[in-house]
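Asker: fold the following for me, if possible:
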Amino acid sequence: MKLRIAVLTGIRAYPIVRMYSSKALETYGDKVSIEVIKLPIGVMGLATASTLKHIIENIPEVKSLLKQFDVVLVSGRVEGDVGVLEDVIKRPVFKGSIDPSLLPETIGYLLEGGTLSKKGPAEEILLKNRLEQFKSSYRTVVSNIKPAFSIGPLKVPLRGPPVLLAAETPVTIPVSKVREYSSWYEGQGAEIVIVGIPVEEDLDSSIKRVREAERGLNKAVLAVDSMKAKVIESGFEMGAELALSLHPGNIEAFLPYRREKAFVVIPTDPLAGDVYDAESGLPALKQTIAKAGSYGYEKLIADLILAPPCTGLLQSIESYLKFSSEVGSVPFMMGFANVTELFDVDSIGVNAILSALAVEVGASLVLVSEESWKARYSVVETKISLMMASVARQKGMPPVDLGIDMLVLKSKNPSRQSGVLLKAKERVEVNGESLKEELDRWGHVVIEVDHETGRIIACVFKAGAKTPERCYYGRSALNILKRIISDNPELSKQHAGYLGVELEKAEIALATGKQYTQDRPLEIGYSSKLELVKEVLEGLQA
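Answerer: Residues are numbered from 1 along each chain as shown. Just a heads-up that it's a prediction; the model follows:
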């Protein structure tokens, strides 16, 4: 017997709710019947549960109709507890989604035996349900791992998924910052933290660098990337389990560790000045692996070295595919830095597509770095993308609608309009004109963003003062604004409005990693990019 569902909606949303109910029937038509009922109310989002109860009580035909259904859904925008409607229609009533496009998923959730809320929108429950399903799927991926060997407590898959994530500390940071970075990377999801050693650094400083990294880790495996054998040996003595990189020039230097420790193998000796591309690198790498094997090395991870975009990236990917099929007994690593650092594009999309490619070619390990500011958060971007791609690969589907995503600046659906503009008694279009500005005589406020500590800083300067009288700091623009207004009652309305805009810009910059400069536009969006496109195309036409 089919589940009978009634969906209550208002006049304005009726067509779109009908459309999505039809889509739900396309999927679940054999299990459910759906009827969209239009109430005499313009926008459901402006109604309360008590309002709907009053309307239904006073329209006998609607009240009678609703009693024929098994479940009644009301827009998630309705305020209040919709359970009050059950007193009238004697049927279970729940809040559906705020977004009508989620109606098919909401109905699917009900058919699976899920329970919706009478107080909160369905989005809250659907999101949690999707996330739980994703977590279960990812646990399955991890449990199915076929390890090649272990480095410390960590199992290295012969072929991914799952794919391990390694993050390397920047060689440009001082020794005093290494512990902080190591802890930061582990907190973002890195299973392996690699200490990047500057080429010209003295031995004592390099050893201190490794020691600081070790102190910053909890469960992550420690690794060392250095051209100096003594630094790697010292790292091994301090608990490092992995070294970058093994090559023909240093194979004999690490013989005492050839069975216990793991090594990333590269095609040729960088100290000899050898140059190779994807075509020549693959046979050279095979030779190096064979040579290391003849010396008794047991834990090898191959690195074919991904080429930068437009200089052989595609050929590199092809080499990974060849290696994966031709050398089935050795796990391999894909390093993203040559792409993320050498492409002036937001790192999040680059890391996501590279993660998908890494999963497709069967990479065992991915290496990322956050050497430049634009690559900041690459670790967490890659970790989530790898998990998404791994689950998608297991399910045999694209990484979409998995319960987790990397949509940081965009949403899958546009904002929906309530139609309130059309109801206004007067509509005023505001363009570039500005009102007369008057500076407060009492002083001004300087606003900055500290990305390192994750704080907004707002300092109040009294009129004529060169040093601030008081500085406020925190993560919430609204809370800082409220405190400034409270402590400075002489602040004008116009100045308060200005501060609200600037503080919110600062909070957005903090969340997105964008550079913030007071009184300058925050460059987020595509308007400026479109102007550049027009400028370039106009130049061609000229």
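Asker: tell me if I am right that Thr172 is in a helix.
Answerer: No. Counting by DSSP: H, G, I helix; E, B strand; the rest coil, Thr172 falls outside a helix, being coil.
Asker: so who does it touch?
Answerer: Thr172 is in contact with Pro198, Glu371, counting by CB atoms under 8 Å, 6 or more residues apart in numbering. All C-beta atoms are positioned from the backbone trio N, CA, C, and that covers glycine.
Asker: what ranges does the stretch 401-542 of the chain have for its strands?
Answerer: 443-450, 455-462, 470-474 (DSSP state E, counting those that start in this stretch).
Asker: out of those, the one nearest Ser50 is which?
Answerer: Each of the strands of the stretch 401-542 of the chain has some distance to Ser50 by CB to CB; the shortest is strand 470-474, at 37.9 Å.
Asker: give me the low-pLDDT residue ranges for the stretch 401-542 of the chain?
Answerer: 415-423, 432-440, 526-533, 535-537, 539-542 (pLDDT under 70).
Asker: now the helices for it?
Answerer: If DSSP state H, counting those that start in this stretch is used as the criterion, the helices of the stretch 401-542 of the chain fall at 420-423, 477-487, 493-512, 527-541.
Asker: which parts of the longest one are buried?
Answerer: When burial is assessed from 16 or more other CB atoms under 10 Å, helix 493-512 yields the following buried residues: His495, Tyr498, Leu499, Gly500, Glu502, Leu503, Lys505, Ala506, Glu507, Ala509, Leu510.
Asker: which one of the residues you listed is nearest Glu186?
Answerer: Leu510 (22.3 Å).
Asker: in CSV: the buried residues of helix 493-512, plus distance to Arg441.
Answerer: Formatted as CSV, the buried residues of helix 493-512 follow (distance: CB to CB, whole Å):
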residue, distance to Arg441
His495, 11
Tyr498, 15
Leu499, 16
Gly500, 20
Glu502, 19
Leu503, 22
Lys505, 25
Ala506, 25
Glu507, 28
Ala509, 29
Leu510, 31
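Asker: which one of those sits closest to Glu381?
Answerer: Using CB to CB, the buried residues of helix 493-512 come closest to Glu381 at Leu510, 17.1 Å.
Asker: out of the buried residues of helix 493-512, who's nearest Met19?
Answerer: Glu507 (36.4 Å).
Asker: any idea how far the closest one lies from Glu452?
Answerer: Separation of Glu507 from Glu452 (CB to CB, to the nearest Å) stands at 16 Å.
Asker: can you pull the contacts of Ile456?
Answerer: 447-450, 473-477, 480, 503, 506-507, 510.
Asker: and those residues, which two are furthest apart?
Answerer: Glu448 and Ser476 (15.6 Å).
Asker: more neighbours: those two, which one.
Answerer: Neighbours were tallied for Glu448 and for Ser476 using other CB atoms under 10 Å; the higher tally belongs to Glu448 (15 against 12).
Asker: Gln515 is in contact with the more buried one, correct?
Answerer: No. The pair Glu448 / Gln515 is not scored as a contact, 11.1 Å apart, by CB atoms under 8 Å.
Asker: so what's Pro92 up against?
Answerer: Asp70, Val71, Val72, Glu86.
Asker: helices of the stretch 101-250 of the chain, residue ranges please.
Answerer: Secondary structure of the stretch 101-250 of the chain (DSSP H, counting those that start in this stretch): helices located at 103-111, 122-143, 175-188, 203-216, 229-237.
Asker: would you reformat those helices as a markdown table and include distance to Ile59 and mean pLDDT?
Answerer: What follows is those, written out as a markdown table (distance: least, CB to CB, whole Å; pLDDT from 0 to 100):
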| stretch | distance to Ile59 | mean pLDDT |
| --- | --- | --- |
| helix 103-111 | 23 | 92 |
| helix 122-143 | 25 | 89 |
| helix 175-188 | 55 | 94 |
| helix 203-216 | 66 | 94 |
| helix 229-237 | 77 | 94 |
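Asker: ranking these by burial, who's on top?
Answerer: helix 103-111 (a mean of 21; mean count of other CB atoms under 10 Å).
Asker: and it, C-alpha only, in CSV?
Answerer: Output of helix 103-111 as CSV, limited to C-alpha atoms (Å, rounded to 0.1, in the frame of the first residue of the first chain):
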residue,chain,number,x,y,z
LEU,A,103,11.3,17.4,-1.5
PRO,A,104,12.3,14.2,-3.3
GLU,A,105,15.0,13.5,-0.8
THR,A,106,12.7,14.3,2.1
ILE,A,107,10.1,11.8,0.8
GLY,A,108,12.8,9.2,0.2
TYR,A,109,14.0,9.6,3.8
LEU,A,110,10.4,9.1,5.0
LEU,A,111,10.1,5.9,2.9
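Asker: report the distance from that helix to the chain centre.
Answerer: 26 Å (CA atoms, centre = their mean, to the nearest Å).
Asker: what sits up against that helix?
Answerer: 3, 5, 7, 17, 20-21, 23-24, 27-28, 31-32, 34, 71, 73, 96-97, 116, 122, 125-126, 129.
Asker: mind listing which of these are in strands?
Answerer: Judged by DSSP state E, the contacts of helix 103-111 include Leu3, Ile5, Val7, Val32, Ile34, Val71, Leu73 as members of strands.
Asker: hmm, Asp405 and Leu131 touching each other?
Answerer: No. Using CB under 8 Å, Leu131 is not in contact with Asp405; the gap is 10.6 Å.
Asker: domain parsing for the protein?
Answerer: The chain breaks down by automatic domain parsing into domains covering 3-136, 157-395, 434-527.
Asker: ok, back up a step: quick check, nearest of the contacts of Ile456 to Lys395?
Answerer: Of the contacts of Ile456, the one sitting nearest to Lys395 (CB to CB) turns out to be Leu510, at 35.6 Å.
Asker: how close does that closest one sit to Ser325?
Answerer: Distance from Leu510 to Ser325, by CB to CB: 46 Å.
Asker: do the same with Tyr109
Answerer: Relative to Ser325, and taking CB to CB, Tyr109 is found at 42 Å.
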